[in-house]
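Student: Fold the following for me, if possible:
(2 chains)
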Amino acid sequence: MDRKFERLQEIIESHGGRVSHLIAILQEVQEEYRYLPEEVLTYIATAMNISPATVYGVATFYTQFSLIPKGKYVIRVCDGTACHVRGAEPIHFALREDLALPKGDSTTPDMQFTVETVSCLGACGLAPVVVINGDEVHGQTTPESILGAVKKIVSREQLKENKNSSETGCCQNA
Amino acid sequence: MSSNGKLTIDGLEIEIRGEKNLLELIRRAGINLPTFCYHSELSVYGACRLCLVETDKMGLVAACSTPPQEGMIVKTNTLRTRRLRKMVIELLLANHERECTTCSRSGRCKLQLLAQQLGVKEVRFGKRDKKLPLDLTSPAIVKDPNKCILCGDCVRMCKEVQGLGIWDFAHRGSKTVVTTAFNKELSDVACVNCGQCVSVCPTGALTVKSEIDKVWNAIHNPDQTVVVQIAPAVRVALGEEFGLGAEDVTGKIVAGLKLIGVDRVFDTLFAADMTTIEESNEFLERLAKNENLPIFTSCCPGWIKYCEQFHAELLPNVSSCRSPQQMFGSVVKKYYAKKLDKRPEEMFVVSIMPCVAKKFEAQRPEFTTEGAPDVDAVLTTVEIARMFKEASIDFTALANKAFDNPLGVGSGAALIFGASGGVMESVVRYVAGLTGGDEVGRIDFLPVRGMEGIKTASVEVNGRALQLAVVNGLGNTEKLISMIKSGEATFDAVEVMSCPGGCVGGGGQPDINDTVARTRRAGEIYEMDRVQQLHKPQDNYFVGKAFEEWFGGVNNQETHHAIHTTYVPRRRINGKPFIVNDSRSQPLRVSVCLGTGCYLRGAYDVIKEFNDLAENQGIAGQLELNGTFCLEKCDNGVSVNINDEIITGVSPENAGEVFKNKISPLVGKTSTKL
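Tutor: Residues are numbered from 1 along each chain as shown, chains lettered A, B, ... in the order given. Model (predicted):
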């Protein structure tokens, strides 16, 4: 059974429903859902007694928020100046090709991977940089090295699936 | 900041008189600095950068967001400020669809006007290549995002004055747009069509949905009898469109309408007198029974939609009387048509209103006669001025004409419907006349007049002191309602008008639609009322006759059929259901309403209870549990939809009971079937 809905209410209540906490609430809610579904934003607006347009405005202003579902693994390729000149583009293309991302989409149909670019991660010394799920930093990457990292994730996932084939609803955001 | 002292503006020494910002001071000094985003009634935004001035100590600043300081030396007209202002306009034009000649705002567009005024002769930048889609879904308002200059006036008007927040900025940087929640169509969100956003929009990004062509077609159709009604607030504002200011131009409007080929020109005042009489009798009846008090007025369609969406529990308190517009339409189609030996669909009823929401009201399905809408088209003050211009009529030179009979006569009490407080004063006049008899002279009820947001007053009727409240602007309305709900204040009757200042400040009125303009229009209305011989609704002989002839009296079954109505709770936003458990496409579908009314009554706890019970009983997998936004049964506890049957009155306390009686048995039934 899915308890996300209860978690949502808990998050709002833990912030006392204060409008000044809206960004923090959205961050925590996104952690649960991996994105911000429209109906969840409407619920937040209802619970906090603010206009849904305001919640939508905040949610679309920040790139950290996504209104479309993201994969379990979010791969961010830095495309800041330093990373760009040191070859971020080929890395980005290689990832898209390897994961067979349809044109215009950044998430794989099986909802495992999302590939996006980011303007600067502030680690220019490690250029080109790729970050997976916010905390797994790969520095001085090449298309080959990053595809290797993806491969590892894929085999790890397969192993997990074989082990716990009965368990459902796994949605932990590492 | 100092609230006194002197400073220098372009070499002139000016005294600071408590102005909050330099701009106000500069304008007082006679320099009308241009702005897009500054409205004295809204918060300061400082985005358009047109009011840039040079100061001695702070350099270049936006006057609107700079407090005046003693000794400041301000220059508004330097090489630099002129160059920058021109550049600002040029950059705004670069992102603006420049098909000016065919824009409905052309000639009244602030961007167009300022470009010309500031001498912008060329735009060195290309045009925007992508055209964004127009939103034509609302019956009242059209949004053209290609013309938006992101000044945010509509955003702040809707949020700060109306308390609704339909519009907001979304996205960022070059992708920024002003839009509704989730970029939904305007008809899918809680917009009440008041049109205040239109009246502050400096460009053609937000405009009134025009019904001019519909009306021309009817006028030129020989099979249709075109009947026009004119609302009170129109006659004191239409002159502004022709440079006449806020003066009474009733006679000219009638003359103009006859000239363009309208068959009958009547007055909404007739129906307004009917409204007062019906509503007062309804009020007296409720007082006698002591039920559904306070009574809320029902003339304002913006307020009605607002109440249906946000305060469904108050719907029994709203007067069941139709608005004057709809009473008039109903009377014409049901009774007057018969006089002319016409069928309802052969009559084409046009309303000329200061209001944009009336367009929505006219399209409500309950307001029809034998399938034909009671009001076929609604024109705003600005639209009728446009029609006169299209017909090349020299409006200022028109010789006055009088309304047709019998629906062309109204009392002063009906006239003042156009200003905030007018309906209440009208009721007071009627009731005073009713209880005091023929000897009662003129009753001017001053406490309810004026532009103040919330006005309260007390009158004594039959030894009972009645508490009255008059409110204008939906933000103020919300304040008043929370006072009533918390028990902080008790009233017997409340008049609500959505627009600031009442109908004189309606969204369909000419620019500039600010407090000064509203006050002038209201002043003219009261001036007209002062010399009006018919003072109280019951002084209107024709209305009295109509009640006798058509309904056989007042406030009876006949009137309830023809000139009363009902209201329905209405959802604020259309959208997807909220998935609580993931057991998709199971035979049993349970949706719990998560609209505000239900949310406040514990909808969340009901869902939690259902979810827990389903888990405990091991039937979670056979149940599809959703949250949904408003089942439109807001008046009675939390609503739950179980396999398309709506159960109301659910609460966290009886949720277990409901689950046991209504949900568990169905789970058993459907699973044995399978």
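Student: When you work out contacts or count neighbours from here on, use the C-alpha atoms and nothing else.
Tutor: OK.
Student: Where does residue 154 sit: helix, strand or coil?
Tutor: You didn't pick a chain, so chain A it is. At residue A:154 the chain is in helix, as set by DSSP: H, G, I helix; E, B strand; the rest coil.
Student: Can you look at chain B instead?
Tutor: Reduced to three states by three-state DSSP, residue B:154 is helix.
Student: Name the spans of chain B whose pLDDT lies under the cut-off.
Tutor: Within chain B, the stretches with pLDDT under 70 are B:1-3, B:438, B:582-587, B:668-674.
Student: Recalculate using a threshold of 50.
Tutor: Along chain B, the parts satisfying pLDDT under 50 run over B:1-2, B:670-674.
Student: just chain A next, same as before
Tutor: Using pLDDT under 50, chain A drops low at A:1, A:169-174.
Student: Domains of it: list them as residue ranges, please.
Tutor: For chain A, automatic domain parsing gives the domain ranges A:4-61, A:73-163.
Student: Just confirm yes or no for the first one near chain B.
Tutor: Think domain A:4-61. Yes: with CA under 8 Å from any CA of the partner chain as the criterion, chain B is reached by domain A:4-61 at A:4-6, A:9, A:38-40, A:43, A:46-47, A:51-58, A:60-61.
Student: ok, the residue of chain A found nearest chain B to residue A:8 distance?
Tutor: Proximity of chain A to chain B (CA to the nearest CA) peaks at residue A:53, 3.7 Å away. Using CA to CA, to the nearest Å, residue A:53 is found at 19 Å from residue A:8.
Student: higher neighbour count, the two?
Tutor: For residue A:53 and residue A:8, the more surrounded residue by other CA atoms under 10 Å in any protein chain shown is residue A:53, and the numbers stand at 28 against 21.
Student: Looks to me like that one is in a helix.
Tutor: Yes: counting by three-state DSSP, one finds residue A:53 located in a helix.
Student: and it, what does it touch?
Tutor: Applying CA atoms under 8 Å, 6 or more residues apart in numbering or on different chains, we find residue A:53 in contact with B:165-168, B:179-182.
Student: which of those are close to chain A?
Tutor: Applying CA under 8 Å from any CA to the contacts of residue A:53, those adjacent to chain A are B:165-168, B:179-182.
Student: Closest one of the residues you listed to chain A?
Tutor: residue B:181 (3.7 Å).
Student: sorry, back to before: turn the ones next to chain A among the contacts of residue A:53 into a markdown table, columns for distance to residue B:539 and neighbour count.
Tutor: Output for these, formatted as a markdown table (distance: CA to CA, whole Å; neighbours: other CA atoms under 10 Å in any protein chain shown):
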| residue | distance to residue B:539 | neighbour count |
| --- | --- | --- |
| B:165 | 43 | 23 |
| B:166 | 43 | 26 |
| B:167 | 45 | 29 |
| B:168 | 48 | 25 |
| B:179 | 49 | 22 |
| B:180 | 47 | 26 |
| B:181 | 49 | 28 |
| B:182 | 52 | 22 |
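Student: Out of the residues you listed, list just those in helices.
Tutor: Per DSSP state H, helices hold no members of the ones next to chain A among the contacts of residue A:53.
Student: Of those, which belong to strands?
Tutor: B:168, B:179 (DSSP state E).
Student: and residue B:281, how many neighbours?
Tutor: 18.
Student: Next, the residue positioned nearest the centre of chain A: secondary structure please.
Tutor: The residue lying closest to the centre of chain A (CA atoms, centre = their mean) is residue A:74, at 4.5 Å. What three-state DSSP gives for residue A:74 is strand.
Student: Show me what it is bridged to.
Tutor: Here residue A:74 sits in beta bridges with residue A:114, as judged by DSSP bridges.
Student: ok, now residue B:593?
Tutor: Here residue B:593 sits in beta bridges with residue B:628, going by DSSP bridges.
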